[in-house]
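Peer 1: fold the following for me, if possible:
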Amino acid sequence: MKKDIVLSGIRSTGNLHLGNYFGALRNFVRMQDDYDCNFFIADLHALTTNPDPVQLHASVKQILAEYLAAGIDPEKATIFVQSDVPEIPEMYLLLNMHVGIGELMRTTSFKDKARKALGIGPAAEGDDDEAFEKQIIGASTNKRVNAGLLTYPTLMAVDILIQKATLVPVGKDQEQHLELTRRFARRFNSFYGVDLFPEPQNFNFGAAAVKVPGLDGSGKMGKSEGNCIYLVDEPKALRKKVMKAVTDEGPKEPNQPISEPVANLINLLELTGAADLAAQYRAAYADCTVRYGDLKKDLAEAILGITTPIRDRVNDILADEEYLRRVVRQGAERARERAAATLAEVRQVMGLRGF
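Peer 2: Residues are numbered from 1 along each chain as shown. The predicted structure is shown next:
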């Protein structure tokens, strides 16, 4: 029986953290036995932030090792580096001919990242889009918004469409990009009168997208927020991070609502599989007996139970250069086979047939 095609990737911008693990990697491992899985390292996407070339290469290698250490099996799933598939940038060019500048500028992620690049802070309610566009156009060269950032959704769509993936595991922050991918697929199919691209759907085994909280009391765990626990953190460093996590002054009366910072820590404890322990701390908060020092110690040990085996495997894998080269070679060959076939169809449909 033909398996559904799954595709997902993670940008090569540093080590993977617990948010990546609970939000993506854990499900990747679960998917690989029953689906045609394709997991890539998005180094082309990483270029939108102009990373140092040496650091970029090191980050690709590190994330590859962390993919493998987390349990993704290269014999079951296709693991590849985005830039190893040259068909992707060619199709990115071709698909951009059917994408409007306006719809790209209206994406939430572009607005957020452009504001950050320009140093003008987050959007406020009622902000004028036209004024914002003028700020982008008039930006100085040292605070520019690059075109790659604007067309990021097109590249993401190509990642998906070139493999004809039907299932794409994404978090809440990427759902708008996935909807754009479906729109681009429909538009291309309709314009040329073909049924070339399927419309991909989000896929997390029917569960809601996981939001992994950070250690700073609010929001989600993320590299740019500086509130991460990395999969390769050493035990001493990890414990120190958790012990410094934001809490509150403690409950003042029985059964008061749990504050967001404390709820974040308890939710993180639950994500590690310690549901009974998490329930105990919720009850302790409710009767005003909660001890945050104990909560943090238990949380640190629960996290280490997950990260320690991964960290140990990462170190072993990084030491085997030949194995890493073999994995990416094999992955590139598999990914390129399907990508080349799709690109050939796209070129044919668009009239780029040659003579």
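
Peer 1: to what extent is the nearest residue to residue 50 once chain neighbours are set aside buried, counted in neighbours?
Peer 2: In space, and not counting its chain neighbours, residue 50 is closest to residue 146: 7.6 Å by C-beta to C-beta, 6 or more residues apart in numbering. The C-beta positions use only the backbone N, C-alpha and C, and glycine is treated the same way. If you count neighbours by other C-beta atoms under 10 Å, residue 146 ends up with 14.

Peer 1: mind giving me the packing neighbours of the longest helix belonging to the chain?
Peer 2: Ordering each helix of the chain by length in residues (DSSP state H) puts helix 321-350 first. Of the remaining helices and strands, those touching helix 321-350 by 3 or more C-beta pairs under 8 Å, 6 or more residues apart in numbering; DSSP states H and E are strand 36-42, helix 53-70, strand 78-81, helix 87-96, helix 292-318.

Peer 1: spell out which helix or strand contains residue 289, please.
Peer 2: Per DSSP states H and E: residue 289 is located in neither a helix nor a strand.

Peer 1: contacting residues around it?
Peer 2: Contacts for residue 289 (C-beta atoms under 8 Å, 6 or more residues apart in numbering) come out as none.

Peer 1: need the pLDDT of it.
Peer 2: At residue 289, the model reports a pLDDT of 95.

Peer 1: next: residue 26.
Peer 2: 90.

Peer 1: ok, it to residue 213 distance?
Peer 2: Distance, residue 26 to residue 213, by C-beta to C-beta, to the nearest Å: 16 Å.

Peer 1: comparing those two, which residue is more hemmed in?
Peer 2: Using other C-beta under 10 Å as the criterion, residue 26 and residue 213 rank with residue 213 on top: 23 against 16.

Peer 1: in space, what's closest to that one - neighbours in sequence excluded?
Peer 2: With C-beta to C-beta, 6+ apart as the criterion, residue 213 has its nearest non-adjacent residue at 3.6 Å, and that residue is residue 264.

Peer 1: again, but for residue 79
Peer 2: Among residues not flanking residue 79 along the chain, residue 331 sits closest, at 4.5 Å (C-beta to C-beta, 6+ apart).

Peer 1: now swap in residue 72 and tell me
Peer 2: residue 28 is the one closest to residue 72 (C-beta to C-beta, 6+ apart), at 5.6 Å.

Peer 1: I'd assumed residue 40 was in contact with the one you found.
Peer 2: No: counting by C-beta atoms under 8 Å, residue 40 is not a contact partner of residue 28; they are 11.2 Å apart.
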